[in-house]
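Asker: Okay, structure incoming, though there's no sequence with it:
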């Protein structure tokens with residue numbers, strides 16, 4: 001059964017259940033480190049270092065040794081499910097869970113797939129006069 005309630009800003013949601021495909025937003029924690037995200041944190045406990053997101057874009061804390069080992073592999077560490085709307089600096093995507101269930105008309109909620117832009121899409125210029 002699909003949820004037919006519409007939200008005011010579907011692009012701010014992290015899950016879409018408007019059809020049988022079931023899409024969710026995902027983020028790549030390794031990009032937080034490579035991009036020097038100011039919201040990434042790390043701490044040591046029990047002889048291991050863990051990293052996470054201060055903004056809770058993803059809710060898990062990841063063992064840095066495991067992340068680095070996976071990044072050296074062919075496929076890298078991969079993505080985790082977003083717990084809240086990704087920030088503009090996040091490397092994020094929309095992951096359709098059951099694409100084979102898509103209807104003939106395609107996505108019924110295309111605004112959900114709008115991801116935050118890495119930079120503003122417009123520029124504000126102020127003119128000051130004496």
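Answerer: Alright, I've got the coordinates. None of the values given here were measured: they were computed from a predicted structure.

Asker: Specify the helix with the largest residue count in the chain.
Answerer: Taking DSSP state H as the assignment, the helix of the chain that covers the most residues is helix 64-72.

Asker: buried residues in stretch 97-110?
Answerer: For stretch 97-110, burial by neighbour count (16 or more other C-beta atoms under 10 Å) applies to 107, 109. No exception for glycine: its C-beta is placed from N, CA and C like everyone else's.

Asker: how long is it end to end?
Answerer: End-to-end span of stretch 97-110 (C-alpha to C-alpha, to the nearest Å): 15 Å.

Asker: before we move on, back to that, any idea of the mean pLDDT in the longest helix of the chain?
Answerer: Mean pLDDT, helix 64-72: 93.

Asker: what's that helix packed up against?
Answerer: helix 29-34, strand 48-53 (3 or more C-beta pairs under 8 Å, 6 or more residues apart in numbering; DSSP states H and E).

Asker: Residues contacting that helix, please?
Answerer: By C-beta atoms under 8 Å, 6 or more residues apart in numbering, the residues outside helix 64-72 that reach it are 29-30, 33, 42, 48-51, 76-78.

Asker: show me where this protein has strands.
Answerer: Under the criterion DSSP state E, the chain contains strands at 15-16, 23-27, 40-45, 48-53, 62-63, 80-81, 92-96.

Asker: Can you say which of the ones you listed is packed in most?
Answerer: Sort the strands of the chain by mean neighbour count, taking mean count of other C-beta atoms under 10 Å, and strand 23-27 sits at the top with a mean of 21.

Asker: Okay, now the unreliable bits of the protein?
Answerer: Flagging of the chain using pLDDT under 70 yields the residue ranges 1-10, 115-127, 129-130.
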